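Colleague: sequence? don't have it. structure:
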Ligand SMILES: Nc1nc2c(ncn2[C@@H]2O[C@H](COP(=O)(O)OP(=O)(O)OP(=O)(O)O)[C@@H](O)[C@H]2O)c(=O)[nH]1
């Protein structure tokens, strides 16, 4: 592990380094609280552990610990364990240090075996925490990703669109939304099987992603329904861009088991205007899509 020691007494630093290197750790030393804080702030992810002396010049270990904890107070998962060292075994000092953000407290003189045991216990907690953080990240990704196409799902798309609507409103910018629906998709399932349908959905998603313009956001918001968010795009330009997305799908056949398969999409487009929410925009685009279907499919309709 990469351990940062903050200790103003040289003999204690040397002893700590000796013990820790013997245990296989990499050690860096600083000599006061301010140096400790600045070193951690400048390279937060570099450190697995901090071993901090309580009483140091310039800034005490307690103060440095408080400031280090404040750096990531809104992301508790970014936590570096802190073990305090002190010549004092006073209960009030121990209480203060733990309250400042320490995870353990050792009384000097340093006992090699106790230090090794404490590090082992702390490493176990770190491993468990890393596992939980990893699991949380995977769960978060699962809850926002469509399993079949790996595109953002409806929930994630609506979240992104909500942010774009807020920006459009705040900065008086244009914004458009499109809903694309594969035409007669049921026929593909009926004719070639559900597996073929799944594969076509994946290929459509890939093709749309390849054609994506910088800043545009795409999501799979329903079975055979995709949505696009086009920031900084006025209604006329959105119509053109979305019709190009339609052509990206309809213009060239897809393939299933080596056989060409023509797939077309209908597209509904709606432009942001003051006061509408992300859900209103999707509804407006949906109603334009309905008109595109009624107009014969494989076309783009814009909501005025
Ligand atoms: N293979 C596959 N099919 C799906 C998936 N999600 C939805 N579907 C199918 O998509 C089809 C949608 O059919 P409809 O709603 O009748 O629409 P459509 O056949 O595309 O007709 P129009 O939209 O009117 O052009 C249904 O057969 C659903 O079972 C999926 O994840 N995989």
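Modeller: That came through, no problem. These numbers come from a predicted model, not from an experiment. Numbers count the residues shown, from 1 in each chain.
Colleague: my read: residue 197 touches residue 189, true?
Modeller: Yes: using C-beta atoms under 8 Å, residue 197 makes contact with residue 189 at a distance of 4.2 Å. Just so you know, the C-beta spots here come from the backbone N, C-alpha and C atoms, and that holds for glycine as well.
Colleague: ramachandran angles for the closest residue in space to residue 215 that isn't next to it in sequence?
Modeller: Take residue 215 and drop its neighbours on the chain: the residue closest to it by C-beta to C-beta, 6 or more residues apart in numbering is residue 231, 5.2 Å away. When quoted as degrees, to the nearest 10, the phi and psi of residue 231 stand at phi -70, psi 160.
Colleague: ok, the strand or helix carrying residue 52: who's next to it in the sheet?
Modeller: According to DSSP states H and E, residue 52 maps onto strand 49-53. Strand pairing for strand 49-53, determined by DSSP bridges: strand 2-6 (parallel), strand 82-86 (parallel).
Colleague: can you list contacts of the following helix or strand past the last one?
Modeller: On the C-terminal side of strand 82-86, the closest following helix or strand by DSSP H and E is helix 91-100. By C-beta atoms under 8 Å, 6 or more residues apart in numbering, the residues outside helix 91-100 that reach it are 54, 61, 62, 63, 65, 66, 69, 84, 86, 105.
Colleague: in strands, which of those fall?
Modeller: 84, 86, 105 (DSSP state E).
Colleague: from residue 3, how far off is the last one?
Modeller: Applying C-beta to C-beta, to the nearest Å, one obtains 17 Å for the distance of residue 105 from residue 3.
Colleague: show me which residues of the chain sit near the ligand.
Modeller: Residues of the chain found near the ligand (C-beta under 6 Å from any ligand atom) are 148, 181-186, 189, 194, 197-198, 201, 223-224, 293, 297.
Colleague: mind listing the strands for this structure?
Modeller: 2-6, 26-30, 49-53, 82-86, 104-107, 175-182, 217-222, 225-231, 254-256, 259-261, 265-271, 300-303.
Colleague: reformat those as a markdown table; add mean pLDDT and mean neighbour count.
Modeller: Compiled in a markdown table, the strands of the chain are given as follows (pLDDT from 0 to 100; neighbours: other C-beta atoms under 10 Å):
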| stretch | mean pLDDT | mean neighbour count |
| --- | --- | --- |
| strand 2-6 | 93 | 22 |
| strand 26-30 | 94 | 17 |
| strand 49-53 | 93 | 25 |
| strand 82-86 | 92 | 24 |
| strand 104-107 | 90 | 17 |
| strand 175-182 | 97 | 27 |
| strand 217-222 | 96 | 21 |
| strand 225-231 | 97 | 24 |
| strand 254-256 | 91 | 16 |
| strand 259-261 | 89 | 12 |
| strand 265-271 | 97 | 26 |
| strand 300-303 | 94 | 22 |
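Colleague: quick one, which of the ones you listed gets closest to residue 125.
Modeller: strand 104-107 (10.0 Å; C-beta to C-beta).
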